[in-house]
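Enquirer: Just need the structure, nothing else, for what follows:
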Amino acid sequence: MKLGEQLVESMTGKFDPKKYHDTYRERLEEIIDKKLKGKPVHVKVTKRKATTNVVDITALLRKSLSSSKKRKTKAVSKKASKKAKAA
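Expert: The predicted structure follows:
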């Protein structure tokens with residue numbers, strides 16, 4: 001959970017609505033205006049390609065957590081071995 005929170009925090013920034021442009025709304029308003037004026041409306045229908053690069057984020061987070069646990073275990077064992085040598 002903590003890793004997910006860190007990820008979200010690192011990607012969070014100030015929202016600037018000027019960066020975004022609503023092209024869907026503009027096209028829809030143009031179509032509505034044409035219909036209101038009685039002009040013919042020709043809508044181009046596009047087919048979307050199937051998504052092939054789907055990422056299982058849960059699996060990636062689990063992998064990241066397991067690798068961080070392994071690193072912590074190695075760090076703890078190194079500290080223990082140093083203490084044993086010092087004693």
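Enquirer: Just the strands from the protein, written as ranges.
Expert: Secondary structure of the chain (DSSP state E): no strands present.
Enquirer: ranges for the helices of it?
Expert: Using DSSP state H, the helices found in the chain span residues 2-11, 23-36, 57-86.
Enquirer: Summarise which helices and strands the shortest one is packed against.
Expert: The criterion is 3 or more Cβ pairs under 8 Å, 6 or more residues apart in numbering; DSSP states H and E, and the helices and strands that helix 2-11 contacts are helix 57-86. Where you see a C-beta, it was placed from the backbone N, CA and C, and this is true even at glycine.
Enquirer: average pLDDT for stretch 66-86?
Expert: Here stretch 66-86 scores 65 as its mean pLDDT.
Enquirer: now do stretch 33-41
Expert: Per-residue scores along stretch 33-41 average to 93.
Enquirer: For Ile57, give me the pLDDT.
Expert: 88.
Enquirer: go on, Arg27?
Expert: Arg27 carries a pLDDT value of 91.
Enquirer: count of neighbours near it?
Expert: Neighbours of Arg27 under the rule other Cβ atoms under 10 Å: 12.
Enquirer: same deal with the one 5 residues further on?
Expert: When counting by other Cβ under 10 Å, one arrives at 11 neighbours for Ile32.
Enquirer: same deal with the one 5 residues further on?
Expert: Taking other Cβ under 10 Å as the neighbour definition, Lys37 ends up with a count of 7.
Enquirer: Next: Ile31.
Expert: 14.
Enquirer: who touches the closest residue in space to it that isn't next to it in sequence in this structure?
Expert: Nearest non-adjacent residue to Ile31, counting by Cβ to Cβ, 6 or more residues apart in numbering: Val41, 5.3 Å away. Val41 makes contacts with 31, 34-35, as judged by Cβ atoms under 8 Å, 6 or more residues apart in numbering.
Enquirer: closest to Tyr20 among those residues?
Expert: Ile31 (21.1 Å; Cβ to Cβ).
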